[in-house]
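Chemist: Here's a sequence, model it:
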Amino acid sequence: MPYVLFGIGQETVGSNVAGVLNATTPLWTLLLAFLVGLDRAVTVKKAAGFALGFLGVVVIFSPWESASEVASWGGLACLAAAASYGIGYVYMGRFLTGRGIPPLMLSAAQLGAATVLQALALPFAGLESPAWRLDAVASLLVLGALGTGAAYVLNYRIVDDEGPTAASVVTYLLPIVAVILGWLILHEAITAAIAAGIALVLAGVTLTRKRSAEKR
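Modeler: Residues are numbered from 1 along each chain as shown. Predicted coordinates:
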């Protein structure tokens, strides 16, 4: 659902708005984990860390120039996608991890199920012959093998080790990676506002991780 909803949403909203709405994933995860009793250890520092991380993402993307898009159907689709991610994290934490099943097996099962569902949906979505260009194949390998396959294995490992709320915080770090790659590869400028947003995100993530570090 999140992939489809983000695809629908980004047809009408900008990437900055989609990025901010995607960053609500940890907030949804924290709320849902608390409601179902999976994580009731919400301290003031932890809550402040989640809020500070989200504020940092907002500063990085600066969505106020496109504020009207947030309340549009595309914006609501992106928000629903983020909520779906939150539901997924909580579901993984309650029903899938902590049962002695290796993260690689859990990831393979999830992607295998997704492949079957996609195959069932293809006839209704329209079939097109793929363009086997070198750049298209390279993009598929990078996004599929690394951005999805390897990332899911690591994601399941973090959920298993630290819990769903801690794992969801990685969403705050995605804009930082994007900014750094844009600077290194595309020679995009890092403004003072972006630098401030990065600092806020890192401070927020540190606060969410503080309790785990002290426990160890």
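
Chemist: Let me see the confidence value for residue 210.
Modeler: pLDDT for residue 210: 55.

Chemist: can you tell me which residues contact the spatially most central residue of the chain?
Modeler: For the chain, residue 171 is the residue whose C-alpha lies nearest the centre (C-alpha atoms, centre = their mean; 4.1 Å). With contact taken as C-beta atoms under 8 Å, 6 or more residues apart in numbering, residue 171 is in contact with 22, 23, 25, 26, 85. Every C-beta, even on glycine, is put in place using the N, C-alpha and C of the backbone.

Chemist: Mind doing that once more with 10 Å?
Modeler: For residue 171, the contacting residues are 19, 22-29, 53-54, 57, 82, 85-86, 89, by C-beta atoms under 10 Å, 6 or more residues apart in numbering.

Chemist: Now which of the residues you listed would you call buried?
Modeler: 19, 22-29, 53-54, 57, 82, 85-86, 89 (16 or more other C-beta atoms under 10 Å).

Chemist: Of those, which belong to strands?
Modeler: Nothing among the buried ones among the contacts of residue 171 maps onto strands, per DSSP state E.

Chemist: Tell me the secondary structure at the residue of the chain most remote from its centre.
Modeler: Here the centre of the chain is the reference, and by C-alpha atoms, centre = their mean the most remote residue is residue 129, at 30.0 Å. Following DSSP: H, G, I helix; E, B strand; the rest coil, we place residue 129 in the coil state.

Chemist: Repeat that for residue 39.
Modeler: Using three-state DSSP, the structure places residue 39 in coil.

Chemist: Now do the phi/psi pair for it.
Modeler: Dihedral pair for residue 39: phi -150, psi 90, per degrees, to the nearest 10.

Chemist: Is it correct that it is in contact with residue 90?
Modeler: Yes. The criterion here is C-beta atoms under 10 Å, and residue 39 meets it with residue 90 at 8.7 Å.

Chemist: what's the nearest residue to residue 81 once chain neighbours are set aside in contact with, if anything?
Modeler: Distance criterion C-beta to C-beta, 6 or more residues apart in numbering; nearest residue to residue 81, sequence neighbours excluded, is residue 5 at 3.7 Å. Listed by C-beta under 10 Å, 6+ apart, the contact partners of residue 5 are 74, 76, 77, 78, 79, 80, 81, 82, 83, 84, 85.
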